[in-house]
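Visitor: I'll drop the sequence and a predicted model, then ask my questions.
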Amino acid sequence: MTNANPPRALARGAAPATLPARGGVGLKPEHFRHILETRPDIGFFEVHAENYMVAGGAFHHHLERIRADTPLSIHGVGLSIGGEDPLDEAHLDRLAALLARYRPESFSEHLAWSSHGGAFFNDLLPAPWHAGTLARVCDHIDRVQERLGRRMLLENPATYVEFEASTMAEADFISEVVSRTGCGLLLDVNNAYVTCVNHGRDARAYLRALPLAATGEIHLAGHARDVDAAGAPLLIDSHGAPVAQAVWDLYAYAISLTGPQPTLIERDNDIPAFPVLAAEAHAAEIVMARHATLEAA
Amino acid sequence: MSAELSFANALLSPDAPCPPGLRAWNGSDPAKRFAIYRNNVVVSLVDALADSFPVVQALVGEAFFRAMAAEFARRSPPRSPVLAWYGAGFADFVAEFPPTAGLPYLADVARLEWLRVEAWHAADADPLPLAEMAAQLADEAALPTQRLTLHPALRLLRSAHPVVSLWAAHQSENVAAALGAIDFADAEAALLVREGLEVAILRIAPGAAEFIDRLLRGAALGEAAQAAAPFDLPATLGLLLRSGAVVAMTPSGRAA
């Protein structure tokens, strides 16, 4: 019953060092039982780190069993890497303990802030792209990678506003962070699409300007549609719908640039039955297989 | 004021103007765009509270609950990114929230639901093996000196209101009928134990609650039983043992 030790297969050091270039699904408590009973063939699972920063109980019970035979990505949503506050060292300690317990193939976080003055807002908030933010983000990532003893992936954000103080393009900012810190890129294709629509940019050009050679994982998710004060489309990164066709198209383009990548289907709201998400993960694998076929031809 | 500070302040103030320094590519008013962040923050925190306090929500209705939770979220945003622990102060807030003054039991229902969250995520521990338990119980002379180590998920609540009945009513098929059968003058004590992966909420006698409370504070069995008001000791011990709530038994004077 105790969960003090990692699953045996992992303790033997059998875990591969990276996620497989396959479709993965965000692991939700609603699906624990289904997954353990049916053992679906899924490339990997991803969990939000903060949900597992509790001592014991059902979450750890299920994650240990599911993780024992499936690659795992741990995805943080609370480090506030883009924030003005110093990094929360107690939170880093919790992360280090969680990573030691589950030995995930990947750890990733966001280019955003979520805490200020000690208050946590539970949202991924935007920062201006300029030298001050760049220095801060690089310092924070250096510290995270040093404390955790591993390379992290940084996710490109979905944003709704821009800052007058910005002096750099977002993709250039991310390229600079990757180059200075050595971190990898978690390419969120839905975020790229949402952000480019929201700011009147060309999503393909944005992708080409990113440091794609550093890609370690791709995220796909659904978004909601709204309009801004001028009636222009304003997309919201809701994680509450199937992946949109425009995002699938952009994903195929991304795969043509990066080659096959571990690709996660993210769904955090209006969560459907597990097979619906598994089918989307399978659809991503078909896109990757089609790319491989074209490459070979 | 830094850009981040003005942004942060405006997130939790529904009437604050859009923070300065924002722009949109098409020159549209950024206030509408900023409102998405403001909405996301409050909705996500209210959703987190709704997950932890479903019976409080059922008792006051969704619209009232969401308004009350939004008020709490704006006054007391989380201090940690671990949202499982967001809501520790919610019961005290409910107790002082003037619009709920007519529902004197509501804060204790919130306390019970919070203890359920704590029990749900508490550390795991193996119950005392049956053989070991039998051996310890066989030594009747040593029984009063036994100190029990209880499971880390075990929680107690003693309330002046029928909190267990109110909670249980909302787990039943016919909530209205179950609520109708409750005597709101009843005081109730709750024992929360983890049975497998689930948390069970059991109504226990006031004396049994006092007894378990003394065990939690380190009293030996005999001392805890004598000090408490009359209650069914064998039944209470049986309940603790059956539910896996006893992790160790150690006669006093020996190292635990």
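Guide: Cool, the structure landed.
Visitor: use CA for all of it now, contacts and neighbours both
Guide: Will do.
Visitor: Residue A:246 falls within a helix, correct?
Guide: Yes. Remark: residue A:246 belongs to a helix, assigned using DSSP: H, G, I helix; E, B strand; the rest coil.
Visitor: From residue A:223, how far off is it?
Guide: Per Cα to Cα, to the nearest Å, residue A:246 is found 11 Å from residue A:223.
Visitor: So the two - more neighbours on which side?
Guide: For residue A:246 versus residue A:223, neighbours defined as other Cα atoms under 10 Å in any protein chain shown are more numerous around residue A:223 (21 against 10).
Visitor: Could you pick out the residues of chain B near chain A for me?
Guide: By the rule Cα under 8 Å from any Cα of the partner chain, the part of chain B lying against chain A is B:4-5, B:8, B:21-26, B:28-30, B:32-34, B:36-37, B:40-41, B:44-45, B:77-84, B:120-126, B:197-198.
Visitor: Any of the residues you listed buried? List them.
Guide: Using 16 or more other Cα atoms under 10 Å in any protein chain shown as the burial test, the residues of chain B next to chain A include B:4, B:8, B:21-24, B:30, B:32-34, B:36-37, B:40-41, B:44-45, B:77-84, B:120-125, B:197 as buried.
Visitor: Tell me which of these fall in helices.
Guide: Taking DSSP state H as the definition of helices, these contribute B:4, B:8, B:30, B:32-34, B:36-37, B:40-41, B:44-45, B:120-121.
Visitor: Show me the two of these that sit farthest apart.
Guide: Maximum pairwise distance among those (Cα to Cα): 42.2 Å, between B:30 and B:120.
Visitor: From the contact counts, what lies against the one helix or strand residue A:115 maps to?
Guide: Here residue A:115 sits within strand A:113-116, counting by DSSP states H and E. Judged by 3 or more Cα pairs under 8 Å, 6 or more residues apart in numbering or on different chains; DSSP states H and E, the packing partners of strand A:113-116 are strand A:119-125, helix B:3-11.
Visitor: let's see it at 7 Å
Guide: Packing contacts for strand A:113-116, counted by 3 or more Cα pairs under 7 Å, 6 or more residues apart in numbering or on different chains; DSSP states H and E, involve strand A:119-125.
Visitor: List the buried residues of the strand it packs on.
Guide: Quick answer for strand A:119-125 (16+ other Cα under 10 Å): A:120-125.
Visitor: roughly how far apart are the closest residue to chain A within chain B and residue A:257?
Guide: Using Cα to the nearest Cα, the single residue of chain B nearest to chain A is residue B:123, 4.2 Å away. Distance from residue B:123 to residue A:257, counting by Cα to Cα: 46 Å.
Visitor: circling back: would you list the ones in helices among the buried ones among the residues of chain B next to chain A in TSV and tack on pLDDT?
Guide: Output for these, formatted as TSV (pLDDT from 0 to 100):
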residue	pLDDT
B:4	92
B:8	96
B:30	97
B:32	96
B:33	98
B:34	97
B:36	97
B:37	97
B:40	96
B:41	97
B:44	97
B:45	98
B:120	97
B:121	97
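Visitor: Which one of the residues you listed is nearest to residue A:24?
Guide: Residue A:24 has its nearest neighbour among those in residue B:44, at 24.8 Å by Cα to Cα.
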